[in-house]
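Asker: my questions concern the predicted model and sequence given below.
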Amino acid sequence: MYWYYSFILAVGLERLVELVVARRNAAWSTAQGGREFGRGHYPVMVGMHALLLLACLVEVAALHRPFIAWLGWPMVAVVGLSTVVRWRCVATLGRHWNPRLTVVPGAPLVTGGMYRWVRHPNYTAVAAEVAALPLVHSAYLTAIVFTIANAAVLRVRIRAENTALGYA
């Protein structure tokens, strides 16, 4: 069970690195005349992701969830693959990647990389990760609750992003 706590800690640290990159990119976008969209849902999105990590730990500890190898190892692979996909999205978008949804006027719509095939590859990866992370250690209640919460947040987020891209 302690290795799972370390795994969740590693995911949390990776999220902190993401926030550092996001802050740098947001500053660049703002300096380029960028406009932020969807301010209202951003704190909810960040809070949901932080609570996901906490809920993974609490459910496993409080309800004594076992590690089930046939489920856990494939879910580790899903989390790893979704992390790779998310960072590929960050690399493809470059300075324009920003979870604060800051759009620089006149910037071209990115259609390369995975964006060539999927309109929102980052959100697809996040959805997979939100479902898989708790299931690594069979925390199925957390997986269900946060998959539903993530779907609700993404519904608002994608709508805001499409509005922002229409502005650009």
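Answerer: Yep, that arrived.
Asker: any weak-confidence spans in the chain?
Answerer: The model of the chain has pLDDT under 70 over residues 167-168.
Asker: how about a cut-off of 90?
Answerer: Within the chain, the stretches with pLDDT under 90 are 1, 38, 98, 100, 105-109, 119, 162-168.
Asker: buried stuff in whichever helix in it runs longest?
Answerer: Secondary structure of the chain per DSSP state H: the longest helix is helix 2-31. Using 16 or more other CB atoms under 10 Å as the test for burial, helix 2-31 gives 4, 7-8, 11, 18, 22, 25-26, 28-29. (Glycine included, C-beta is placed from N, CA and C.)
Asker: please apply the same query to stretch 146-155.
Answerer: Buried residues in stretch 146-155, counting neighbours by 16+ other CB under 10 Å, are found at 146-147, 149-150, 153-154.
Asker: what does stretch 87-101 give?
Answerer: Using 16+ other CB under 10 Å as the test for burial, stretch 87-101 gives 87, 89-90, 92-93, 96-101.
Asker: ends of it, what's the gap?
Answerer: The first and last residues of stretch 87-101 sit 17 Å apart, counting by CA to CA, to the nearest Å.
Asker: enumerate every residue touching the residue most central in space within the chain.
Answerer: Of all residues in the chain, the one closest to the mean position by CA atoms, centre = their mean is residue 126, 4.2 Å from it. Listed by CB atoms under 8 Å, 6 or more residues apart in numbering, the contact set of residue 126 reads 82, 86, 150, 154.
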